[in-house]
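Enquirer: The amino acid sequence is not available; the structure is as follows:
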């Protein structure tokens, strides 16, 4: 579904990514792991067209998306839940969701308000509240729901549970499990390794802008040396 090869991205004269490659199959959950500042968000922004990669290739469903503007990448079926949520604070929960609603591929069962509220029941009770009146956990649920309303083929979550209470983290990962069971492909960035091991199929470890390790959840769970070396856990 998504294939990134030899990606190199810079901020002005400072190169951040050095030949990053990764692959996500249809229905897979993949992760980008690594300490802060290792290039995870830069990789996501490069995939989404928010940063222009200087070298390498990015293909989605066999078609190159390298160099496309971010709105075109989103229209092709990549949905981003950005770090920091970035919901619209002066719009209600309902308005945040309907503002992005689109079914460009004429899905038979598109995402609707009811489907989002079934996934996150908290949002249904807060439907008339403005974005800035929500808790951090509710804002993250809203950010995920907003991305789902675009009916993505691949959902990208950048820092899926950062700063959230433990009970909310459990709810977010329960939702990810449901989305995976429904066949949605997902790329997750998060620090909750134990939760990621339960939900993800493949992991990509970044260190200073390079992929230094790739493997399955069983392989990562058994490799404590790798976790200590690159995640500091």
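Expert: Great, that's in hand. What you see is a predicted model; the values in this text were computed from it and never measured. Residues are numbered from 1 along each chain as shown.

Enquirer: Run through the helices of this protein in chain order.
Expert: Under the criterion DSSP state H, the chain contains helices at 40-47, 70-75, 93-98, 113-119, 121-125, 136-148, 166-181, 193-199, 217-222, 224-231.

Enquirer: looking at the ones you listed, which has the lowest confidence?
Expert: Sorting the helices of the chain by mean pLDDT places helix 224-231 lowest, at a mean of 91.

Enquirer: list the helices and strands that one packs on?
Expert: If contacts are counted by 3 or more Cβ pairs under 8 Å, 6 or more residues apart in numbering; DSSP states H and E, helix 224-231 sits against strand 202-207, strand 210-216. (Glycine included, C-beta is placed from N, CA and C.)

Enquirer: So which residues make contact with the first one?
Expert: Put plainly, it is strand 202-207. 20, 22, 24, 28-35, 38-40, 43, 196, 211-217, 220, 226, 230-231 (Cβ atoms under 8 Å, 6 or more residues apart in numbering).

Enquirer: strand partners of that strand, parallel vs antiparallel please.
Expert: Strand 202-207 pairs in its sheet with strand 29-33 (parallel), strand 210-216 (antiparallel), by DSSP bridges.

Enquirer: Report the angle between it and helix 224-231.
Expert: 50 degrees (axes from the mean of the first three to the mean of the last three Cα atoms, to 10 degrees).

Enquirer: how about the strands paired with strand 202-207 in JSON lines, adding distance to residue 93, mean neighbour count and mean pLDDT?
Expert: Converted to JSON lines, the strands paired with strand 202-207 look like this (distance: least, Cβ to Cβ, whole Å; neighbours: other Cβ atoms under 10 Å; pLDDT from 0 to 100):
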{"stretch": "strand 29-33", "distance to residue 93": "26", "mean neighbour count": "23", "mean pLDDT": "98"}
{"stretch": "strand 210-216", "distance to residue 93": "37", "mean neighbour count": "16", "mean pLDDT": "96"}
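
Enquirer: chain center to stretch 173-188, what's the gap?
Expert: 11 Å (Cα atoms, centre = their mean, to the nearest Å).

Enquirer: Show me what that stretch is in contact with.
Expert: 1-2, 24-32, 44, 119-120, 141, 144, 148, 152-157, 160-161, 192, 195-196, 198-200.

Enquirer: out of those, which are buried?
Expert: Neighbour-count burial (16 or more other Cβ atoms under 10 Å) is assigned, among the contacts of stretch 173-188, to 1-2, 24, 28-32, 44, 119-120, 141, 144, 148, 152-157, 160-161, 192, 195-196, 199-200.

Enquirer: tell me which residues in stretch 33-40 are buried?
Expert: 33-34, 38-40.

Enquirer: Farthest pair within the residues you listed?
Expert: Farthest-apart pair in these is 33 and 39; separation 11.2 Å (Cβ to Cβ).

Enquirer: related to what we said a few turns ago, and the buried residues of stretch 33-40 as CSV, adding distance to residue 101?
Expert: Below are the buried residues of stretch 33-40 laid out as CSV (distance: Cβ to Cβ, whole Å):
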residue, distance to residue 101
33, 32
34, 34
38, 35
39, 32
40, 29
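
Enquirer: coming back round to it: so can I have CSV of the helices of the chain showing distance to residue 105?
Expert: Below are the helices of the chain laid out as CSV (distance: least, Cβ to Cβ, whole Å):
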stretch, distance to residue 105
helix 40-47, 19
helix 70-75, 10
helix 93-98, 19
helix 113-119, 16
helix 121-125, 24
helix 136-148, 14
helix 166-181, 17
helix 193-199, 25
helix 217-222, 30
helix 224-231, 37
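
Enquirer: Cool, thanks, talk later.
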